[in-house]
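S.K.: what's the 3D shape of this:
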Amino acid sequence: MTTALAKPRVRVPVAHVPTGGREYAAAAHDAADGTDPMLSQWFPFPASPDADLLPELGTMVGRSRDLTRNNGLAAGYRQTMQDNIVGSVLKLSSKPNYRLLGWTADQAHEWAQYTEAQFLTYAATTECDAARSSTLLGLTRQILGSATENGDALAIPVWQDSVGTRWKTRFMVIEGDRLSTPIGMEHRRDIRRGVHIDKYGAPRGYWVRKTHPGDGLFLDGGRSGGVIPTDSDWEYFPAFDEAGFRRIIHLHDKDRAGATRAKPMLAAVMKEFKMAGKYSQEELKAAVTNSLIAAFIESNLDQTSLIDLFTSGAGSTDPQEINNYWLNQFAQNRAKLQGGAMIPLPLGAKVTGFNPGRPNPAFEAFMLSVLRHIAAGLNIPYELLTKDFSRTNYSSARAALLEAWRFFQSRRQWVVDQWLSHVYEFWMREAIDAGRIEAPDFYSNSQAYLRCRWIMSGRGWVDPLKEAKAARERIDGDISNEEIECAEQGLDYEEVLEGKARIIKKKRELGLLVDSRADGGNQAQTQPADDGMEDPDEPDRRERATGTTDGVLIADLDISTRTERALAAAGIIYADQLIQMSPAQLLLIHGIGKVALREIQSIEYPVSMEDAA
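M.R.: As a prediction, this is how the structure comes out:
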């Protein structure tokens with residue numbers, strides 16, 4: 001039995017041919033139409049991620065650096081990325097997973113505070129930098145700026161046992177230029193511009209040049225091997241050591257599966273950046289040049305009169321004589337243009353004003369359109385790219401900054417995942433091995449111990465009053481808390497609360513008025529109206545409790561966490577303070593409502609500190 005195979009149908013790109021009143025398209029999708037004059041020459045080849053990027057990466061990196069050096073907006077964008085993603089604050093907030101470790105929350109909190117204090121002695125000093133010039137904050141800003149400008153950056157952990165230092169683990173940050181394929185290995189498919197990969201695309205190792213390729217060209221005339229590199233100019237670093245620990249940190253953002261390197265963030269708008277910068281420079285040059293021209297001096301004589309004026313006695317005309325006459329007149333009567341100046345003119349001359357038409361009246365509107373396009377390509381609002389908020393009202397500015405903040409948050413998490421988390425792990429291993437941190441079974445529970453958050457600079461406020469009220473409403477609505485709100489502003493909530501407690505204590509010592517509300521306003525002098533919340537047994541209960549609760553903390557009482565926090569925010573730390581307050585006074589405290597008041601009124605106070613314990 002013979003089976004007939006159906007003839008394959010092939011779509012041939014032909015022009016639109018009307019048939020029977022119907023029109024058949026040359027392609028099912030307009031994006032694939034090859035007959036449209038606008039698309040007929042547009043057939044990019046769908047190559048692999050590395051084939052598209054790696055041959056052109058060097059050119060894009062060089063152009064990106066040139067823009068950052070010589071274009072104000074490009075340089076400002078790099079600075080904006082550093083200021084908004086990292087900023088001026090970088091703090092560790094350790095959050096060990098106490099459930100996996102079998103700890104209580106209090107044990108985890110105590111361990112975290114001690115770990116943060118130890119880590120601060122490392123991160124806040126230059127002991128983390130192999131070059132001994134930057135703190136961890138400086139290294140983070142540096143490696144972020146390098147990845148923004150070049151597409152990627154590397155950090156090699158090294159062990160430096162220097163005299164007088166507490167920590168030995170250092171990080172040497174290098175540019176991606178040094179990550180390259182050695183001479184004679186270009187034919188290997190498993191080495192992609194210095195990255196040695198396995199069959200799954202995972203890095204097996206990195207080939208790093210011992211010196212920057214530009215050093216030999218411009219610093220020592222090629223003596224370092226930069227002009228004619230040899231095999232000895234490269235050093236191989238395995239991606240992981242025999243124990244499975246990382247040996248090199250490669251910070252790059254892959255935008256396609258299978259890519260081994262990344263492109264500069266300016267790549268998509270590099271052409272527009274260059275052209276806009278050139279156009280702006282030419283407009284500025286034209287405006288400056290034209291501003292130097294005040295007027296033209298023109299002859300008002302016709303050709304015949306001019307010839308008669310300069311005709312010699314023999315009836316002949318010497319052109320050089322005419323030219324010399326004008327030059328001599330200008331040389332003898334040269335004067336600066338200034339108020340009230342009398343300027344002699346040559347015979348047959350007149351002054352004509354000059355209207356340059358610069359600056360171009362359409363320049364601003366045109367540049368605004370171009371810069372909005374560039375800003376969209378860079379994933380930030382136009383206002384943030386140009387630092388121009390003059391065209392924006394509050395609502396628009398807030399919407400733009402919220403959109404930018406989402407982008408910055410995603411890049412911040414990227415920095416944490418690819419850089420800071422590895423730094424923390426390297427430091428933790430040294431701290432444990434040195435006996436400074438106790439972490440039983442760390443290598444089998446490393447993820448539980450290393451769980452943390454990183455506090456960086458806050459997003460700021462457009463309208464502080466409105467946004468502070470919104471933060472308070474989020475806390476009251478149980479959709480946020482003090483820790484989250486403080487972290488958004490680059491603050492550590494524990495430091496904020498501890499500082500507030502110290503201030504309240506100092507005010508009490510000095511006999512100053514202590515605010516009973518959490519909003520920092522003046523203490524209300526009026527009392528709320530009687531709403532039936534008075535406790536008839538309050539005097540008797542207060543009398544029984546007075547004198548027996550000295551030193552008993554609010555935290556020792558049987559009340560909810562929310563009520564405890566509200567009282568602590570108002571500076572009420574001890575039970576005897578709470579006893580002396582009337583229901584009307586308690587209702588003035590932010591976060592204390594009728595439900596919390598009933599809870600406070602039902603407290604069974606201990607008769608001694610031993611009972612409280």
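
S.K.: point out where the protein drops to low pLDDT.
M.R.: Filtered on pLDDT under 70, the chain yields the residue ranges 1-26, 216-227, 293-323, 325-326, 329-349, 351, 353-358, 514-551, 606-613.

S.K.: now the strands for it?
M.R.: Secondary structure of the chain (DSSP state E): strands located at 17-19, 22-24, 90-94, 152-159, 169-175, 191-192, 195-197, 203-209, 234-238, 249-252, 295-299, 349-353, 452-456.

S.K.: in CSV, list those strands along with distance to Arg261 and mean neighbour count.
M.R.: Using the backbone N, CA and C atoms, a C-beta is placed for each residue, glycine as well. Listed next are the strands of the chain as CSV, based on distance: least, CB to CB, whole Å; neighbours: other CB atoms under 10 Å:
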stretch, distance to Arg261, mean neighbour count
strand 17-19, 47, 8
strand 22-24, 44, 9
strand 90-94, 27, 20
strand 152-159, 6, 19
strand 169-175, 13, 19
strand 191-192, 7, 20
strand 195-197, 7, 21
strand 203-209, 11, 19
strand 234-238, 16, 15
strand 249-252, 6, 21
strand 295-299, 58, 12
strand 349-353, 59, 11
strand 452-456, 26, 19
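
S.K.: dump those into TSV; add distance to Leu266 as well.
M.R.: Shown next, in TSV, are the strands of the chain (distance: least, CB to CB, whole Å):
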stretch	distance to Leu266
strand 17-19	45
strand 22-24	43
strand 90-94	25
strand 152-159	14
strand 169-175	16
strand 191-192	22
strand 195-197	22
strand 203-209	24
strand 234-238	28
strand 249-252	15
strand 295-299	44
strand 349-353	44
strand 452-456	23
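
S.K.: quick check: which of the ones you listed is nearest to Ile573?
M.R.: strand 90-94 (23.8 Å; CB to CB).

S.K.: how far off strand 452-456 does the closest one point, in degrees?
M.R.: Here strand 90-94 runs at an angle of 160 degrees relative to strand 452-456 (axes from the mean of the first three to the mean of the last three CA atoms, to 10 degrees).

S.K.: off-centre distance for strand 90-94?
M.R.: Relative to its chain's centre, strand 90-94 lies at 18 Å (CA atoms, centre = their mean, to the nearest Å).

S.K.: next one: stretch 144-163
M.R.: So, by CA atoms, centre = their mean, the centroid of stretch 144-163 is 18 Å from its chain's centroid.

S.K.: just the terminal-to-terminal distance for that stretch.
M.R.: End-to-end distance of stretch 144-163 (CA to CA, to the nearest Å): 30 Å.

S.K.: among the strands of the chain, which is nearest Pro49?
M.R.: So among the strands of the chain, strand 191-192 is nearest, using CB to CB, at 9.6 Å.

S.K.: and that closest one, which strands flank it?
M.R.: Applying DSSP bridges, strand 191-192 is found paired with strand 195-197 (antiparallel).

S.K.: who's in contact with the strand it pairs with?
M.R.: 179, 190-191, 203-207, 236, 239, 250, 260-261 (CB atoms under 8 Å, 6 or more residues apart in numbering).

S.K.: go again with 6 Å.
M.R.: Here strand 195-197 makes contact (CB atoms under 6 Å, 6 or more residues apart in numbering) with Asp190, Pro203, Arg204, Gly205, Thr260.

S.K.: what's the farthest-apart pair in these?
M.R.: Distances among the contacts of strand 195-197 were taken as CB to CB; the most separated pair is Gly205 and Thr260, at 12.0 Å.
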